[in-house]
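Colleague: The following block contains a protein sequence and its predicted model.
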Amino acid sequence: MEEEKHFIKVQIAGKIFKFNLRPEEEEMFRAAVKMVKELFENNKSKYKMSADIDALAVAAVHIGLELYKERKENPTKDIINRLKTLDNQLDEYIENGR
């Protein structure tokens, strides 16, 4: 059986984007969108950027830098998280007999 997904709409930099998500992903996704929007607005005002694309690019660099730092400080964290996800999926598969 295919996982149930639904569409959500978010607005970033005055543009509407649609995403297809599993219900359990929505809260984390909306938190990430909120972070991007906050960085975007902060960059526009702090650096007096008039072009949205510039403010979004600086936000992307900030997020990329944070991700890079986290991966460098804890390189196995991503692997551990993927293994946990796989373990949960296997448990679910075994429980449902599929």
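Modeller: Structure's in. What do you need? Numbering: from 1, shown residues only.

Colleague: C-alpha only now, for contacts and for neighbours.
Modeller: Will do.

Colleague: A helix includes Ile16, no?
Modeller: No - per DSSP: H, G, I helix; E, B strand; the rest coil, Ile16 lies outside any helix segment and is strand.

Colleague: quick one, what contacts the closest residue to it other than its chain neighbours?
Modeller: Among residues not flanking Ile16 along the chain, Val10 sits closest, at 5.6 Å (CA to CA, 6 or more residues apart in numbering). Residues in contact with Val10, defined by CA atoms under 8 Å, 6 or more residues apart in numbering, are Ile16, Phe17, Lys18, Val33.

Colleague: Please repeat the previous calculation with a cut-off of 7 Å.
Modeller: Ile16, Phe17, Lys18 (CA atoms under 7 Å, 6 or more residues apart in numbering).

Colleague: Just the buried ones from the residues you listed?
Modeller: Not one of the contacts of Val10 meets the buried threshold, by 16 or more other CA atoms under 10 Å.

Colleague: Need those residues in JSON lines (columns: distance to Asp54).
Modeller: JSON lines is the format used below for the contacts of Val10 (distance: CA to CA, whole Å):
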{"residue": "Ile16", "distance to Asp54": "18"}
{"residue": "Phe17", "distance to Asp54": "18"}
{"residue": "Lys18", "distance to Asp54": "22"}
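
Colleague: follow-up on the earlier one: list the buried residues for the host helix or strand of the residue nearest to Ile16?
Modeller: Element membership for Val10, per DSSP states H and E: strand 6-12. By 16+ other CA under 10 Å, the buried positions in strand 6-12 come out as Ile12.

Colleague: That strand pairs with which strands?
Modeller: Strand 6-12 pairs in its sheet with strand 15-21 (antiparallel), by DSSP bridges.

Colleague: Export the partner strand to PDB, keeping only CA atoms.
Modeller: Presented in PDB, the C-alpha positions along strand 15-21 are these (Å, rounded to 0.1, in the frame of the first residue of the first chain):
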ATOM      1  CA  LYS A  15       5.700  33.200  -4.200                       C
ATOM      2  CA  ILE A  16       3.400  30.200  -3.600                       C
ATOM      3  CA  PHE A  17       5.000  26.700  -3.600                       C
ATOM      4  CA  LYS A  18       3.200  23.400  -3.400                       C
ATOM      5  CA  PHE A  19       4.700  20.400  -1.700                       C
ATOM      6  CA  ASN A  20       3.600  16.700  -1.500                       C
ATOM      7  CA  LEU A  21       4.300  15.500   2.100                       C
END
